[in-house]
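[1] Got a predicted structure plus its sequence, pasted below:
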Amino acid sequence: MSEAGNKMVVTAFVAAMNAGAFDRVRLLFTDDGVVQGADDVMPVDQAIGAWTEWCAGLSPQLEILAIAAEDDEVAVLLKETGRWTGPYQGHDRPSGQEYELVAMQWFQFDDGRISRHLMARDSASQAKQIGLPTG
């Protein structure tokens, strides 16, 4: 797929994540697609479970601030906003507080589908902003 086509897939990924449409998210990945965070790598189906909890607890919305593509890779800078409204990471007393942070994501493609998704976001800042208990 072209660089422009890969960027369109990432834009579709962001739209599907914002809608909580994980069936659409899954279709954007290869069968053996993986997601890598700061400290782990998991199959996309396992990541969707984590994303489901994330969306239910924090009501996040992603906004693309910048996007760049080269060959079969796309980098994106995102603004993430949300509000802690439900159970999240084992905590069931949501504060109702809002958060805003930047996130960087890197996508690798195979035949027009995401084969690897790498993410980096400021989770510590998020925890502080929403009053997530630590320790």
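    Thanks, I have the structure now.

[2] Which residue comes closest to T52 once chain neighbours are left out?
    Nearest-residue entry for T52: F22, 6.3 Å, with adjacent residues in sequence omitted and distances by Cβ to Cβ, 6 or more residues apart in numbering. Any C-beta I mention is one placed from the backbone N, CA and C, and that applies to glycine too.

[3] Enumerate every residue touching the one you found.
    16, 48, 51-52 (Cβ atoms under 8 Å, 6 or more residues apart in numbering).

[4] Repeat that for E80.
    E80 makes contact with 60-63, 99-103, 121 under the criterion Cβ under 8 Å, 6+ apart.

[5] between those, which is nearest T134?
    Using Cβ to Cβ, Y99 is the member of the contacts of E80 that lies nearest T134, at 14.5 Å.

[6] Look up the pLDDT of that closest one for me, please.
    What the model reports as pLDDT for Y99 is 96.

[7] go on, G37?
    The confidence metric pLDDT takes the value 86 at G37.

[8] Can you tell me which of the contacts of F22 lies closest to G82?
    Nearest to G82 among the contacts of F22, counting by Cβ to Cβ, is W51 at 12.6 Å.

[9] on that earlier part again, can you pick out the most distant pair from the contacts of F22?
    Using Cβ to Cβ, those span at most 12.5 Å, a distance reached by A16 and T52.

[10] Show me which of the two is the more surrounded one.
    Using other Cβ atoms under 10 Å, the more surrounded residue of A16 and T52 is A16, with 17 against 12.

[11] List the buried residues in the helix or strand containing that one.
    A16 belongs to helix 3-19 when assigned by DSSP states H and E. The neighbour-count check on helix 3-19 (16 or more other Cβ atoms under 10 Å) flags 6-7, 9-10, 13-14, 16-17 as buried.
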